[in-house]
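**Q** one predicted model, sequence on top.
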Amino acid sequence: MKHVLVTGANKGIGFEIAKQMAQLGYYVYLGCRDEQNGTAAINRLKSEGLSNIEFLQIDVADLASVQQAAAKVPSLDILINNAATSGPKMQNISACDIAALKSTFNTNYFGVIQTTQAFLPLLKKAPLPVIVNVSSELGSLAMQTSRDRAVHWDNYHAYSATKTALNTFTINLSQELRNFKINSVTPGFTATDLNNFTGPKTAAEGALPIVRLATIGEDGPSGQFFRQEGEVAW
């Protein structure tokens, strides 16, 4: 049985990713900061007949927490870097609070990097190591500069900057680790607490492209950016 870690897995898209991966027969570590919330998520999944799940306490923005979590996992095949924050409002880049911007980067960018680095020794032992970085269309420079750019994107300048940086991390890491499958994936505009549940997609629908890229085989892509409809321009 392959082992997978999903960060930020106690709610929203992360919870649905964990659920769908468990339903496919993977052993899933539900990574989240709060033990009470994590336990509640585990109990919800167990009530649905899923037993191949385990709570793992991890705060991706806290290096000590990340290192402690990595020490508790015996093996890992797939890492899904899902934990993120939308950051505070306002996010207009000409006037946003710098401390808030740094805090958003600390979770969405630096948190992903230090989590990945901590679990790389385990992933390198896997027959086919896979990393999925959960990104956003807002991180696509091509879409940011498109004539079809959505007006509401102006509310997420800080958030989109972190996702652009995350996409760069995906590219660099995939070029360095050629025997891995490493991709960025956007769930699309999904109803979660990051956007006050305004997205048209359900969390279960948002999880689908992430699960698909997490379960690819030897012939699967690497170093690319995807959504449900297909590849996304960087």
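**A** Thanks, I have it. Residues are numbered from 1 along each chain as shown.

**Q** the residue nearest the centre of the chain and residue 38, how far apart?
**A** For the chain, the residue nearest the mean C-alpha position is residue 82 (1.9 Å; CA atoms, centre = their mean). Distance check for residue 82 against residue 38: by CB to CB, to the nearest Å, it reads 14 Å. The C-beta positions use only the backbone N, C-alpha and C, and glycine is treated the same way.

**Q** and the closest residue to residue 139 other than its chain neighbours, backbone torsions?
**A** Nearest non-adjacent residue to residue 139, counting by CB to CB, 6 or more residues apart in numbering: residue 163, 2.8 Å away. Geometry field for residue 163 lists phi and psi as phi -80, psi -30, criterion degrees, to the nearest 10.

**Q** residues contacting residue 167?
**A** 133, 135, 139-140, 184, 225, 234 (CB atoms under 8 Å, 6 or more residues apart in numbering).

**Q** residue 171: which of these is nearest?
**A** residue 234 (7.6 Å; CB to CB).

**Q** quick one, what contacts the closest one?
**A** Residue 234 touches 140-142, 167, 171, 225, counting by CB under 8 Å, 6+ apart.

**Q** got these as TSV, with secondary structure, pLDDT and distance to residue 9 columns?
**A** Shown next, in TSV, are the contacts of residue 234 (DSSP: H, G, I helix; E, B strand; the rest coil; pLDDT from 0 to 100; distance: CB to CB, whole Å):
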residue	secondary structure	pLDDT	distance to residue 9
140	coil	93	25
141	helix	92	29
142	helix	92	30
167	helix	98	22
171	helix	98	25
225	strand	98	22
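
**Q** what residues sit buried inside the lowest-mean-pLDDT helix or strand in the chain?
**A** Lowest by mean pLDDT, DSSP states H and E among the helices and strands of the chain is helix 141-144, with a mean of 89. Neighbour-count burial for helix 141-144 flags residue 143 (criterion: 16 or more other CB atoms under 10 Å).
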